[in-house]
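Participant: Sequence first, then the predicted structure, then my questions.
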Amino acid sequence: LASAPGTAAEILVEEVREVICPGKIGTEEWLAGMEGAAAAGLDVTATIMYGHVENERHRAMHLKEIRDLQDRTGAITEFVPLSFVHQNTPLYERGVVSGGASDDEDELMIAVSRLFLDNVDHVQSSWVKFGDAKALKLLNCGADDFMGTVLSEEITKRAGGGYGEFRSFDDYVGMIEAVGRVPVERSTDYRERRRIDPRDPPFGPTLGPAADGT
């Protein structure tokens, strides 16, 4: 592997982590793990999961941790805001939270992330969390990456998410072109990119062996 996902960041503030994920590693351990991956020559990503017990100050503190980490390592290829899906979670079942983030909060999270993280090149919009329509709208709020071709997604689905797990390459091209953007296929590290001509299907690679065994 040549990269490492910056997942499980949740909110990098201990008073929040003590409520939502007391069994997970702490902020300093998460940052040390990312720095270790970067020191080993790996690209990494970074995430935030918001819309539960945290407030705006906690979100700003998290963004500063990410920006400072990028200043130290330069290894973060993209930032992925993840809106909390609450329906089937222990936090909701125990009455700790009453719902997730509002549409306005989702748009602000993307916009502020794009402005604040001046050293991270890409901000992702997740259709798994937001659904197709909102995820596309967020491309006009500061996101420049439309979440990839997930084949099997368990975390959001088990939490009660209802937007599915899979999008075909044809779906991507159609949706992205519909909002006036140019679809571009990229590698994990963003170093390889290929513009896709919507008038020249089929799109993307085929998955699995072809009928002739190749």
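Facilitator: Cool, the structure landed.
Participant: Could you use CA atoms for every contact and neighbour count after this?
Facilitator: OK.
Participant: can you map out the strands along this structure?
Facilitator: 3-4, 43-50, 76-83, 122-125, 145-146, 184-186, 193-195 (DSSP state E).
Participant: Save these as a markdown table, and put in mean pLDDT and mean neighbour count too.
Facilitator: A markdown table is the format used below for the strands of the chain (pLDDT from 0 to 100; neighbours: other C-alpha atoms under 10 Å):
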| stretch | mean pLDDT | mean neighbour count |
| --- | --- | --- |
| strand 3-4 | 94 | 17 |
| strand 43-50 | 96 | 23 |
| strand 76-83 | 95 | 23 |
| strand 122-125 | 95 | 25 |
| strand 145-146 | 91 | 20 |
| strand 184-186 | 87 | 16 |
| strand 193-195 | 88 | 11 |
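Participant: Need those in a markdown table (columns: distance to residue 89).
Facilitator: Formatted as a markdown table, the strands of the chain follow (distance: least, C-alpha to C-alpha, whole Å):
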| stretch | distance to residue 89 |
| --- | --- |
| strand 3-4 | 26 |
| strand 43-50 | 14 |
| strand 76-83 | 13 |
| strand 122-125 | 22 |
| strand 145-146 | 26 |
| strand 184-186 | 33 |
| strand 193-195 | 38 |
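Participant: Out of those strands, flag the one nearest residue 15.
Facilitator: strand 43-50 (14.1 Å; C-alpha to C-alpha).
Participant: Dump that closest one to PDB, keeping only the CA atoms.
Facilitator: Coordinates of each C-alpha in strand 43-50 appear next as PDB, following Å, rounded to 0.1, in the frame of the first residue of the first chain:
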ATOM      1  CA  ASP A  43       0.100   9.800   1.500                       C
ATOM      2  CA  VAL A  44      -2.700  10.200   4.000                       C
ATOM      3  CA  THR A  45      -6.200  11.600   4.100                       C
ATOM      4  CA  ALA A  46      -8.000  13.400   7.000                       C
ATOM      5  CA  THR A  47     -11.600  13.400   8.100                       C
ATOM      6  CA  ILE A  48     -14.000  15.000  10.500                       C
ATOM      7  CA  MET A  49     -17.200  13.500  11.800                       C
ATOM      8  CA  TYR A  50     -19.500  16.400  12.900                       C
END
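Participant: Sheet-wise, list the partners of that strand with their directions.
Facilitator: strand 3-4 (parallel), strand 76-83 (parallel) (DSSP bridges).
Participant: who touches the last one?
Facilitator: Contacts of strand 76-83 with the rest of the structure, by C-alpha atoms under 8 Å, 6 or more residues apart in numbering, involve 43-51, 70, 100-101, 106, 109-110, 120-126, 129-130, 189-190.
Participant: How far does stretch 93-105 stretch from one end to the other?
Facilitator: End-to-end distance of stretch 93-105 (C-alpha to C-alpha, to the nearest Å): 23 Å.
Participant: in that stretch, what's buried?
Facilitator: 97, 99-101 (16 or more other C-alpha atoms under 10 Å).
Participant: And for stretch 135-147?
Facilitator: Here stretch 135-147 shows 135-136, 138-139, 141-147 as buried, counting by 16+ other C-alpha under 10 Å.
Participant: Can you tell me which of those end up in helices?
Facilitator: Among these, DSSP state H puts 135-136 in helices.
Participant: and residue 67, how far is that from residue 29?
Facilitator: 17 Å.
Participant: Please say which of the two ends up with more neighbours.
Facilitator: residue 67 (20 against 11; other C-alpha atoms under 10 Å).
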